[in-house]
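Chemist: sequence unavailable; structure follows:
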RNA sequence: GGUCCCUUCGUCUAAUGGUUAGGACUCAGCCCUUUCACGGCUGCAAUAGGGGUUCGAAUCCCCUAGGGAUCACCA
């Protein structure tokens, strides 16, 4: 079978991380089976759709590397086809015109809810439409009233629902535009979608949509309804749990590789928990291994994955990322210094944006320690710093020699390394912790090091 | 409320009738060490509750409890 999947977001806002995960699953499943992965923008509701949202979705998909190499489908461009299907259904007697106004509908809805029965318009059984030619109407699907429908969902398993709980859903609005319920089914069929992989929140829809497919004798696709992502308190993920916009994580300094890996592991795993890159995941992915229960979004785990990614990615890639993000313009010396120190710096951060706090001491021309308390200490050890400075000045510049120089100094003064280490660190970085002192001194270079050690704190 | 789904350490999960219920993250401790990290080691910690079926149940069945989804001329 030639697998065809699709990711079908509605362009009403940014790309939600739940949607991003759905995209990943669709992407991987298609790739795993050498099939096609398509993206379809579900813009049937013109009032809520926007160009801005479409751009945001593409931006998110591009960042995650799960964009489609095929032409993007815009649902609104297929309206005529959808409308034709609605009338075909009407002609065949599988649908009917409903002239209920909104007041009547509200009453019907309340009554339905009270009795626990689905909405079925009284127009369903009217033999003649009467003299209603000028009245507004919608077209509703005539759901089967007996029997049951079974879906063998790849993730959820075999689920059966009685047909009499299905409502006569609207497939064509009174303004002659198709609803999502119709458009989605028609487009899936036209696009030859073989596997519908989407959020669990659509599971109930599947039982309703499948009736259209049956009435038209179309091929029923495979379904895989994946569980939603929850917040830490077990409710549907929302803004109060943190960022739900995928691209916010880019802004926060997460790498797309980490995001991909984490989102994938939320609800899917193989036996050995691993850090999945896109290629590896493509080989291993199977819908059968997707969990049926919703997973909670855990920032700590994401941080951990991201930190690991930062330390396995090519340094030149991260370097590029950081330079772009902070718009750094570095001279050759600084460039070399940064690149050499970067691996050590990366061990200390969860997201690369935290690197920002290293820029001041790394590149600032006339750097000095700003912290008042530290300044007092530096003042006290002014002499020591100057002595070390002058020894370093005479030292032939290599890590080995720098180390020896420092060791010689503490030997001569009967000190221990920890007697000079913290002071040196404050003078050179303005902080109490940093990468190895010797490598810092080496990378800073003789002139800068000595200048910083000679700074007069008062 | 109707319908459907879910429930293994705090979190993500492994174990498809027989395991001391495993791993990862978090947390704690130790080691490494010039600091902070990284890394290494150790530890804390789970089968929601109750009934069955079975020689044997996290696993199969039933009930209860809790959670979630959905019930639009939204998608």
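Modeler: Looks like it arrived, so ask away. This is a predicted model, so every value here is computed, not measured.
Chemist: get me the contact residues on the stretch 301-450 of chain A for RNA strand B.
Modeler: A:301, A:303-304, A:307-308, A:311, A:344, A:347-348, A:417-418, A:421-422, A:425, A:432-438 (C-beta under 7 Å from any atom of the strand). The C-beta positions use only the backbone N, C-alpha and C, and glycine is treated the same way.
Chemist: same thing with the stretch 101-250 of chain A?
Modeler: For the stretch 101-250 of chain A, the contact set with RNA strand B under C-beta under 7 Å from any atom of the strand comprises A:101-102, A:105, A:109, A:112-113, A:116, A:118-119, A:136, A:138, A:156-157, A:159, A:161-162, A:165, A:167, A:169-170, A:173-175, A:179-181, A:184, A:200-205, A:227-228, A:230, A:232, A:234-236.
Chemist: so where's the stretch 51-200 of chain A shaky on pLDDT?
Modeler: Applying pLDDT under 70 to the stretch 51-200 of chain A flags the ranges A:127-133.
Chemist: could I get the full set of strands for the stretch 251-400 of chain A?
Modeler: For the stretch 251-400 of chain A, the strands defined by DSSP state E, counting those that start in this stretch cover A:295-296.
Chemist: where does it have low pLDDT?
Modeler: For the stretch 251-400 of chain A (pLDDT under 70), the answer is A:272-274.
Chemist: one step back: among the residues of the stretch 101-250 of chain A next to RNA strand B, name the buried ones.
Modeler: Taking 16 or more other C-beta atoms under 10 Å as the criterion, what is buried in those is A:118-119, A:138, A:156, A:161, A:167, A:169-170, A:173, A:179-181, A:184, A:200, A:202-203, A:205, A:227-228, A:230.
Chemist: I'd assumed residue A:223 was in a strand, is it?
Modeler: Yes. Counting by DSSP: H, G, I helix; E, B strand; the rest coil, residue A:223 is located in a strand.
Chemist: how about the contacts made by it?
Modeler: By C-beta atoms under 8 Å, 6 or more residues apart in numbering, the contact list for residue A:223 reads A:151, A:152, A:153, A:154, A:195, A:196, A:206.
Chemist: likewise residue A:353?
Modeler: Residue A:353 touches A:252, A:253, A:325, counting by C-beta under 8 Å, 6+ apart.
Chemist: cool, residue A:342 as well?
Modeler: By C-beta under 8 Å, 6+ apart, the contact set of residue A:342 is A:315, A:318, A:319, A:322.
Chemist: wait, the third one sits on residue A:339?
Modeler: Think residue A:319. Yes. Between residue A:319 and residue A:339 there is a contact under C-beta atoms under 8 Å: 5.8 Å.
Chemist: quick one: the helix or strand where residue A:96 lies to chain centroid distance?
Modeler: According to DSSP states H and E, residue A:96 maps onto strand A:95-98. From the chain centre to the centre of strand A:95-98 is a distance of 41 Å (C-alpha atoms, centre = their mean, to the nearest Å).
Chemist: cool, stretch A:34-43 as well?
Modeler: The mean C-alpha position of stretch A:34-43 is separated from the chain mean by 17 Å, C-alpha atoms, centre = their mean.
Chemist: that one spans what distance, first to last residue?
Modeler: 28 Å (C-alpha to C-alpha, to the nearest Å).
Chemist: try stretch A:122-134
Modeler: End-to-end span of stretch A:122-134 (C-alpha to C-alpha): 19 Å.
Chemist: just want the phi and psi numbers for the residue of the stretch 301-450 of chain A found nearest RNA strand B.
Modeler: With C-beta to the nearest atom of the strand as the measure, residue A:433 is the residue of the stretch 301-450 of chain A nearest to RNA strand B, at 2.8 Å. Backbone torsions of residue A:433, given as degrees, to the nearest 10, read phi -140, psi 150.
Chemist: tell me, how many residues neighbour the closest residue to it other than its chain neighbours?
Modeler: Ranked by C-beta to C-beta, 6 or more residues apart in numbering and with sequence neighbours excluded, the top spatial neighbour of residue A:433 is residue A:425, at 7.3 Å. Residue A:425: 20 surrounding residues under other C-beta atoms under 10 Å.
Chemist: run through who's touching stretch A:407-421.
Modeler: Under C-beta under 8 Å, 6+ apart, the answer for stretch A:407-421 is A:384, A:387, A:388, A:391, A:406, A:437.
Chemist: ends of stretch A:366-381, what's the gap?
Modeler: 20 Å.
Chemist: mind listing what residue A:370 touches?
Modeler: Residue A:370 makes contacts with residue A:430, as judged by C-beta under 8 Å, 6+ apart.
Chemist: and what of residue A:73?
Modeler: Residue A:73 makes contacts with A:6, A:38, A:39, A:40, A:41, A:187, A:191, as judged by C-beta under 8 Å, 6+ apart.
Chemist: do that again at 7 Å, thanks
Modeler: The contact partners of residue A:73, taken as C-beta atoms under 7 Å, 6 or more residues apart in numbering, are A:38, A:40, A:187, A:191.
Chemist: got it, and residue A:149?
Modeler: Going by C-beta under 7 Å, 6+ apart, residue A:149 touches A:161, A:163, A:207, A:210.
Chemist: list just the nearest of the residues you listed to RNA strand B.
Modeler: Taking C-beta to the nearest atom of the strand as the measure, residue A:161 is the one of those closest to RNA strand B, at 4.9 Å.
Chemist: the closest one belongs to a helix?
Modeler: No. Membership of residue A:161 in a helix is not supported by three-state DSSP, which gives strand.
Chemist: ok, it touching residue A:206?
Modeler: No. With contacts defined as C-beta atoms under 7 Å, residue A:161 does not count as touching residue A:206, sitting 9.4 Å away.
Chemist: could you name every residue contacting both of the two?
Modeler: Here residue A:161 and residue A:206 have no joint contacts, going by C-beta under 7 Å, 6+ apart.
Chemist: now do the helices in the stretch 301-450 of chain A.
Modeler: A:315-326, A:332-346, A:356-363, A:372-380, A:382-393, A:399-412, A:417-429, A:437-444, A:446-454 (DSSP state H, counting those that start in this stretch).
Chemist: what angle do the second one and helix A:446-454 make?
Modeler: Meaning helix A:332-346. Helix A:332-346 runs at 70 degrees relative to helix A:446-454, counting by axes from the mean of the first three to the mean of the last three C-alpha atoms, to 10 degrees.
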